[in-house]
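>>> structure for the following, please:
(one chain, ligands or ions: 3)
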Amino acid sequence: MRVLTVNPGSSSVKLSVVEDGREVDRATVAAASAARARQPLADLVVRRHPIDAAGVRFVHGGLSTDPVPLDHAETARLTALTPLAPLHQPLSLELAELVAEVVPGPVYACFDTAFHARMPESAAHYALPRSWVREHELRRYGFHGLSCASALRRTAELLDREPAGLRLVCCHIGAGVSVTAVRDGHGVDTSMGFTPLEGAVMATRSGSVDPGLLLYLLRSGVTDAAGLDDALDRGSGLAGMTGTGGDVRDVLAARDRGDPDARTAIEVYLHRLRREIGAMVASLDRLDALVFTGGVAEHQPALLAELCERLGSSGCGPIPGAWPLTATGRSAGRTGPCGCWSCPRGRAWRSPGRRPWRWPPGPRVPVDPAIGDERPQRARRARP
Ligand SMILES: Nc1ncnc2c1ncn2[C@@H]1O[C@H](COP(=O)(O)OP(=O)(O)O)[C@@H](O)[C@H]1O
Ligand SMILES: CC(=O)OP(=O)(O)O
Ligand SMILES: [Mg+2]
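Numbers count the residues shown, from 1 in each chain. Ligands and ions are numbered 1, 2, ... in the order given. This next block holds a predicted model:
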């Protein structure tokens, strides 16, 4: 069976062809644009003809738990969720239409929210008037669920454990950023909420802001609802703090040139991530692994090292028994001098055997070059 997968992100569109569970082809469009994705999509479909079915990522699926074949009714339901994910939902809808034009088989909508659908009430519920909550289904939905599910599978492979038995904190650090506590194979708490705007600082999104501050901006006429919407989703985060487009590479380059705004932005970005990690650790009774994925985690191991090195001194660590690792990402095992599993010449922050892991890491241990490889494999013990 040959399946086309389409992953519309807020800064990219990623296309893959998967055959019997293995990726056989891919194309990445470095813009959140259906128009830019049209040709690469058509090329991929021609190159890998015949495609039997397609799956399109929808970040918001409401309370749906399984992929759903896209028909008129489902498309209308997902369209109605657009205000809850304005950066993503319209792009997914447009791409689904393009896919339906070139793939004769069924097109499924696959939901980020599904991984979090069994989140306990304590984590999902907002402390708002109950009539609002009931009438408008106000709750924390959580996002990046497809990424978390993939990170969970990959971590289980690397640790040679059953996914259902693992307790993870999964940090998805791409253009969108979220941190999720995973237990019993699903999300039990997460930093994103009703929309993918809550939580950590992102490329162009603010993350959590005191609601009182937002009321102040509205009441004092600094902006109106539409202006706030645009500023929080597109004009805040790394972009807003630095005047760049919010790409981490540009902000790091500005910091290297001595730009004080860029320095502050990275400090805030990392600090808020550490806070979210600490919060997710508190939502678990045990931690087996701290997992990093998403474009920034995948390609910026030095920044990941900055994040992790100060995790210990920020009060989060040591986390007894935890095995931090980079479990996912296509280039895991390729680049960077940081000391995590994504490093080229391999050093691990993994505790050898069952010894408790120390934070910050002690002497670095060489990693078997096979670890971080894309092939499924059993976890190997790091050599002391
Ligand atoms: N070498 C790199 N290549 C691609 N993206 C990178 C690289 N280094 C850092 N990044 C960051 O990764 C982000 C994209 O992450 P990704 O998870 O692909 O985002 P999304 O899915 O939200 O579009 C970019 O905003 C960029 O800041
Ligand atoms: C939910 C979300 O923010 O996704 P992405 O990081 O792909 O933009
Ligand atoms: Mg993404």
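>>> per-residue pLDDT of the closest residue to ligand 2 within the stretch 151-300 of the chain, please?
Nearest to ligand 2 in the stretch 151-300 of the chain, going by C-beta to the nearest ligand atom, is G176, at a distance of 2.0 Å. C-beta: built from backbone N, CA, C; applies to glycine. Among the per-residue scores, G176 holds a pLDDT of 98.
>>> burial count for it?
G176 sits with 29 neighbouring residues when counted by other C-beta atoms under 10 Å.
>>> tell me if I'm right that A151 and G294 touch.
No. Counting by C-beta atoms under 8 Å, G294 is not a contact partner of A151; they are 9.4 Å apart.
>>> and these two? Which one has more around it.
Set A151 next to G294 and count neighbours by other C-beta under 10 Å: A151 wins out with 27 against 22.
>>> for that one, pull up the helix or strand it's in.
Assigned by DSSP states H and E, A151 belongs to helix 145-159.
>>> near ligand 2, anything from that helix?
No. If you take C-beta under 6 Å from any ligand atom as the test, helix 145-159 misses ligand 2, and the best it gets is 7.9 Å.
>>> do stretch 207-227 as well
No. Applying C-beta under 6 Å from any ligand atom, one finds stretch 207-227 separated from ligand 2 by no less than 10.8 Å.
>>> what comes up buried for that stretch?
Within stretch 207-227, the residues that count as buried by 16 or more other C-beta atoms under 10 Å are G207, S208, L217.
>>> and the second one, what does it touch?
In other words, S208. E198, G199 (C-beta atoms under 8 Å, 6 or more residues apart in numbering).
>>> if you set the cut-off to 10 Å instead, what comes out?
S191, M192, G193, L197, E198, G199, A200, V201, R272, R275, E276 (C-beta atoms under 10 Å, 6 or more residues apart in numbering).
>>> pLDDT at the fifth one, what is it?
Read that as E198. Note on E198: pLDDT of 98.
>>> helices or strands up against the helix or strand that contains A265?
Here A265 sits within helix 260-282, counting by DSSP H and E. Other helices and strands packing on helix 260-282, by 3 or more C-beta pairs under 10 Å, 6 or more residues apart in numbering; DSSP states H and E, are strand 168-173, strand 177-183, strand 186-190, helix 237-242, helix 248-256, strand 289-293, helix 301-309.
>>> quick one: the last one to chain centroid distance?
Taking C-alpha atoms, centre = their mean, to the nearest Å, one finds the center of helix 301-309 at 17 Å from the center of the full chain.
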